[in-house]
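S.K.: got a structure for you, letters missing:
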């Protein structure tokens, strides 16, 4: 289900004029989500250690980007 939703969102976003990239964050321990994003072309550009503190536990976050091909118009 997540893959279908992501694919539909990306399909819509690719149609937006001038959109150059999408940036998102995912909890580093969420391997299923991280793998899904990476399978759709997202690339990790950073890791924020202890980004979240929930119920006494710290969680790292991966920061990912998906860049769209963008042609400059003169």
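M.R.: All right, it came through fine. Every value quoted in this text rests on a predicted model; they were computed, and no experiment measured them.
S.K.: any weak-confidence spans in the protein?
M.R.: Across the chain, the ranges flagged by pLDDT under 70 are 70-74.
S.K.: helices of that one, start to end?
M.R.: For the chain, the helices defined by DSSP state H cover 2-14, 31-39.
S.K.: so which bits of the longest one are buried?
M.R.: Along helix 2-14, the positions that meet the burial threshold by neighbour count (16 or more other C-beta atoms under 10 Å) are 6, 10. Yep, even glycine has a C-beta here, placed from its N, CA and C like the rest.
S.K.: run the chain-centre distance for that helix.
M.R.: With C-alpha atoms, centre = their mean, to the nearest Å as the basis, helix 2-14 stands 12 Å off its chain's centre.
S.K.: tell me the angle it makes with helix 31-39.
M.R.: Per axes from the mean of the first three to the mean of the last three C-alpha atoms, to 10 degrees, the angle that helix 2-14 makes with helix 31-39 is 40 degrees.
S.K.: give the other helices and strands that helix 2-14 contacts.
M.R.: Contacts defined by 3 or more C-beta pairs under 8 Å, 6 or more residues apart in numbering; DSSP states H and E place helix 2-14 against helix 31-39.
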